[in-house]
Each structure stands twice: as C-alpha cells, then as structure tokens.
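Trainee: give me coordinates for this.
(chains A and B)
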Number of protein chains: 2
Amino acid sequence: MTAALTARPLAPLPEVRPGDDLAALVRAANDDAPFAPGDVLVVSHKVVSKAEGALIDLRAVTPSPRAVALAAELEKEPALVEVILGQTAEIVRARRGVLICRTVHGFVCANAGVDRSNVAEGWCVTLPADADASARALRAALPGRPAVVIADSFGRAWRQGQAEVAIGCAGLETLDDQRGGTDRHGRELRATVIATADHVAGAADLVRGKTSGQPAVVVGGLGARVTAEDGPGAAVLRRAAEQDLFGA
Amino acid sequence: MTAALTARPLAPLPEVRPGDDLAALVRAANDDAPFAPGDVLVVSHKVVSKAEGALIDLRAVTPSPRAVALAAELEKEPALVEVILGQTAEIVRARRGVLICRTVHGFVCANAGVDRSNVAEGWCVTLPADADASARALRAALPGRPAVVIADSFGRAWRQGQAEVAIGCAGLETLDDQRGGTDRHGRELRATVIATADHVAGAADLVRGKTSGQPAVVVGGLGARVTAEDGPGAAVLRRAAEQDLFGA
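Mentor: Okay, the predicted model is just below:
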C-alpha cells in the first residue's frame, strides 16, 4: 500500500565536534517532539563521523612511499592518499583524479569515502567505523524510535552524477524483496529486489542543500517499512567482491 | 532552500494499450486537476512503452544464430535474447543469468531494458525509443505543465538491489551541479554533481508497489528545480562509454 510520503529538513545543526551527543542535537533540532510511526531520520554521514571523532589532521599524516607514488600518478595530495589507503581493502580503479576503492567496510566509492568538504581546512573525515551500529545507537536515543538512515553520496559506474545511498541503517526495510511475487498478469516478478533504503536517502537529499547545514531530514509515511526490529542494516546493500558485476 | 517534499500515487491506470493517450489517462487519474508549481509526474517507463507500442510478440521472433548461442550460454530464451540484442549497442557483461548491455539509447542496464513482467504472456516490452521526447510530449499535454520523469529500475555495479532511475525527463533540473560552490568552511565543493532526477524517481517508488497498477506518482515541493524550459532531459545522466569507470 501507498501512504503519501513526506520529507522535511530539521533545523540546522550546530557544527558537530568529536564527542558531541548527536542524538541530543537531533532531538533539539526536532523541538524535542517524538517522531511519528513510519518516520525515518536520515542524517548525512558526516555529522556521524564528526561526532564519533572520525576526523584526521592531514598535517600529522606521514605518507608511505606507496601513497606518495599513487598521489603523483593521480595528482592528489600524498597525505590524503595515505588516509584513503588506510580505509581501503582493494583499489577498484585508479586514474588521474579518480580513485575508486572497496573500503574496509565493504562499500565501493570514490576515495574510500574520505572527504575534505564541510571539514576544517587541513582536516579530512572518514566514514563511520560501523555505520549500522551508529544508526542503531542513534535510533535508540530518539523519542518514538524512528528508523535511522546514515547517508553518503556515491558515484555510479554507468551514470553521471552522484546519488545518495544508505551506508548505515536501523529499523527500515533495507531491501524490498519482491521475488516470488506476481505481477498483474500473474507472471512471476523475477529478480526484483528494490533498494528501499537508498531511495529514502535520495528522497531526503531533495530537501536539503549540501551547504545548508541541514544534515538531518525526516522522511515520513513509510508505514510498515519501518520495523520494530533494527533489522540487517545497510550491510545487505554491499555487493560482495565475488558478486561484483565486473569481477572475474 | 528546502520546501517540504511530498509524494502521492495517482489512482491506478487501466491496462495501457498501444495507441492509448497516456496523458488523458494520467489526467483522469488526477481527477482532471491541474498540477501545482513544483510538481513532478513520475511514470513507470512501462506504461509509456506500452502506449507507444514498444511491445514485441516473442512467438513472432526468429532468433539469429548469435542469439541462440548466447541464450544457451546464459540460460535465457533465444527469442528474448534476440530482442535484447536488437536493443543493444554493446554487451558490457554476460554470464549465466546476467546480461548487462549498453543500450542503443546509451543506458547501461540488465537485458537492455527488455522486460517480460507486467506484460501479457508471450510478449515483452522494450524501453521507449526516445524517453526524453516522450517526457516532453507528456508534459505538454498535462494541465499545469508538471515536470515529467520516466523511470525504470536499474541494477547497480557495486550495490545490491535495484534503484529507480530517470530514463526520460522534461522540465526538471536533472543534475544539480554544485561544483564551484563552497561549503560552510568556504572550501570548494569539488566534484559534487547530484543526480536529482534519479532521486525523484526513487522517492516516487517509495509510494507505489510494483504490482499495484499505480505507475504514476506525483512528487510535489520541488520548487525551482522544476523549470519552465524542458531542459536537457535524462540524456545528461548517461555516462559515455569512454567515461565509463571501468573502461580503458
């Protein structure tokens, strides 16, 4: 069924610092109101990373010879490449200006998710160590226990532009597995598994600007897609290397 | 800025047949009400393809020797593979059960977008010949001239689950190019181009079921992202083969 969907940004959060209580900041931004059934709180991963202290001072990083060589090849900063390599399980693609990595968490994205935007000069931010755990903790600390999605913007192999995806998730049906269902003609709907959590992340992005200081958005109307259980999280959205559509 | 977003499905459409006036069906499903400023009508490509007659009777297809050989390799139906090859500019990946193609339109997706679900037994449907043109025509025939997105579900290289994407578009800012802007720290937002039209397609999918007969959804609140001009369409979301993140 098909309740109407809504998405609204919460008030801007203050600059988040290591050790900050992100749940408290979100509650304040929502006027301490309880979240409604079917609500999903979508937060940019960057505020989660900052609160968790996943920030690195690039001036304190000594790049390895491998990072120096790769940085020269890609025309990137050696210290930044050193940080990226520390977050990388496997380099998927490297060429001038482009470094696509399978991260230690199992995501495939540019620069292993290491980012310098919206961070103080000279610093960078990495992905949360376990964004599903971060989502579960945030959910538990919010009134009404909304589902929580932690989002980042990833490039796509075959399409221009970045799309928001869920890198952490709790309490939301991450994938909608419609296999075994039938269409209106009674024909089996084969191979249809919908990445619901990524759609929610994308919907949230439509109401906030990257520069607006509005990293938190409430998507409402998700109904039974929001579950009492925290569920499998965004982990199920990772495609294992051996299932890679380009691998051997 | 950040108006609140809404998404609501229109009433189910009747089964669409070749030659049907899709705009008339959509107008009726919306009670002949004018669309509001900032509205985007998102329609599943399948109803567009059907109205345009992009339907093929597989029993009337004679598979080529190449299609027969590939079908045996992939364990697919030879006539279906013949239709897929007719829609394909380049095979990106072929292995048992999986056939990823760059279509003649320039999209990269499974089976070149050829699909047997939600189609009568023995038939298949192909992508619209020019979905941007279809979107422009539909837009021009709707009261209030909402933006129009024609959507399909595509698999992703590195993530599980299919995500809705825009294969045709008119009157919507397809890509939000934030390059050259600055973040809250005055740091340049590099390489940030957001695939807005794909996010809109995904948001729409959250309020309709695949089997519900609700292929049309109105996403509201997009404000200035809806433009008087039809704009470049979904064509700008296609990544050229030479920019493929896996190519040479």
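
Trainee: my read: residue A:102 touches residue A:90, true?
Mentor: Yes. Between residue A:102 and residue A:90 there is a contact under Cβ atoms under 8 Å: 4.3 Å. All C-beta spots, glycine's among them, are computed from the backbone N, C-alpha and C.

Trainee: more crowded one of those two?
Mentor: residue A:102 (21 against 12; other Cβ atoms under 10 Å in any protein chain shown).

Trainee: contact partners for that one?
Mentor: Taking Cβ atoms under 8 Å, 6 or more residues apart in numbering or on different chains as the criterion, residue A:102 is in contact with A:88-92, A:108, A:241.

Trainee: just residue A:226 next, same as before
Mentor: A:37-40, A:146-147, A:171-173.

Trainee: what segments of chain A are helices?
Mentor: A:22-29, A:45-51, A:65-74, A:78-86, A:131-140, A:196-205 (DSSP state H).

Trainee: export the ones you listed to TSV and tack on mean neighbour count and mean pLDDT?
Mentor: Formatted as TSV, those follow (neighbours: other Cβ atoms under 10 Å in any protein chain shown; pLDDT from 0 to 100):
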stretch	mean neighbour count	mean pLDDT
helix A:22-29	18	98
helix A:45-51	24	97
helix A:65-74	15	95
helix A:78-86	21	97
helix A:131-140	22	98
helix A:196-205	30	97
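
Trainee: tabulate these (TSV), appending distance to residue A:12.
Mentor: TSV is the format used below for the helices of chain A (distance: least, Cβ to Cβ, whole Å):
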stretch	distance to residue A:12
helix A:22-29	8
helix A:45-51	11
helix A:65-74	34
helix A:78-86	28
helix A:131-140	18
helix A:196-205	15
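
Trainee: so which of those helices gets nearest residue B:117?
Mentor: Ranking the helices of chain A by proximity to residue B:117 (Cβ to Cβ) places helix A:196-205 first, at 18.5 Å.

Trainee: about what we covered before: what sits in contact with each of residue A:102 and residue A:90?
Mentor: Taking Cβ under 8 Å, 6+ apart as the criterion, residue A:102 and residue A:90 both touch residue A:241.

Trainee: nearest residue to the middle of chain A?
Mentor: For chain A, the residue nearest the mean C-alpha position is residue A:151 (2.8 Å; Cα atoms, centre = their mean).

Trainee: ok, the nearest residue in space to it that is not next to it in sequence to residue B:199 distance?
Mentor: Nearest non-adjacent residue to residue A:151, counting by Cβ to Cβ, 6 or more residues apart in numbering or on different chains: residue A:201, 3.9 Å away. Noted for residue A:201: a distance of 9 Å to residue B:199, by Cβ to Cβ, to the nearest Å.

Trainee: cool, residue A:66 as well?
Mentor: 37 Å.

Trainee: now residue A:205
Mentor: For residue A:205, the distance to residue B:199 - Cβ to Cβ - is 6 Å.

Trainee: between these two, what contacts are shared?
Mentor: Between them, residue A:205 and residue B:199 share the contacting residues residue A:164, judged by Cβ under 8 Å, 6+ apart.

Trainee: may I ask which helix or strand of chain A has the lowest mean pLDDT?
Mentor: Every helix and strand of chain A was ranked by mean pLDDT, DSSP states H and E. The lowest is strand A:176-177, at a mean of 88.

Trainee: in TSV: the contacts of residue A:226, plus neighbour count, distance to chain B and pLDDT.
Mentor: TSV is the format used below for these (neighbours: other Cβ atoms under 10 Å in any protein chain shown; distance: Cβ to the nearest Cβ, whole Å; pLDDT from 0 to 100):
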residue	neighbour count	distance to chain B	pLDDT
A:37	14	16	96
A:38	18	11	96
A:39	22	13	97
A:40	31	10	98
A:146	28	15	98
A:147	28	13	98
A:171	26	15	98
A:172	26	11	97
A:173	19	11	95
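
Trainee: closest to residue B:28 among those?
Mentor: Nearest member of those to residue B:28, counting by Cβ to Cβ, is residue A:38, at 29.4 Å.

Trainee: now do the same contact list for the closest one.
Mentor: So residue A:38 contacts A:3, A:220-226 (Cβ under 8 Å, 6+ apart).

Trainee: quick one, domains of chain A?
Mentor: Here the domain parsing of chain A from automatic domain parsing is A:1-52+A:128-239, A:55-126.

Trainee: highest mean neighbour count out of these?
Mentor: domain A:1-52+A:128-239 (a mean of 21; mean count of other Cβ atoms under 10 Å in any protein chain shown).

Trainee: for chain A, which residues score under the pLDDT cut-off?
Mentor: Within chain A, the stretches with pLDDT under 70 are A:1-3, A:181-191, A:209-212, A:242-248.

Trainee: which stretches in it count as strands?
Mentor: A:5-9, A:40-44, A:55-57, A:88-95, A:98-103, A:108-110, A:123-125, A:147-155, A:162-170, A:176-177, A:193-194, A:216-220 (DSSP state E).

Trainee: redo the ones you listed as JSON lines? Include distance to residue B:122.
Mentor: Shown next, in JSON lines, are the strands of chain A (distance: least, Cβ to Cβ, whole Å):
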{"stretch": "strand A:5-9", "distance to residue B:122": "36"}
{"stretch": "strand A:40-44", "distance to residue B:122": "41"}
{"stretch": "strand A:55-57", "distance to residue B:122": "59"}
{"stretch": "strand A:88-95", "distance to residue B:122": "41"}
{"stretch": "strand A:98-103", "distance to residue B:122": "42"}
{"stretch": "strand A:108-110", "distance to residue B:122": "39"}
{"stretch": "strand A:123-125", "distance to residue B:122": "54"}
{"stretch": "strand A:147-155", "distance to residue B:122": "39"}
{"stretch": "strand A:162-170", "distance to residue B:122": "36"}
{"stretch": "strand A:176-177", "distance to residue B:122": "27"}
{"stretch": "strand A:193-194", "distance to residue B:122": "25"}
{"stretch": "strand A:216-220", "distance to residue B:122": "40"}
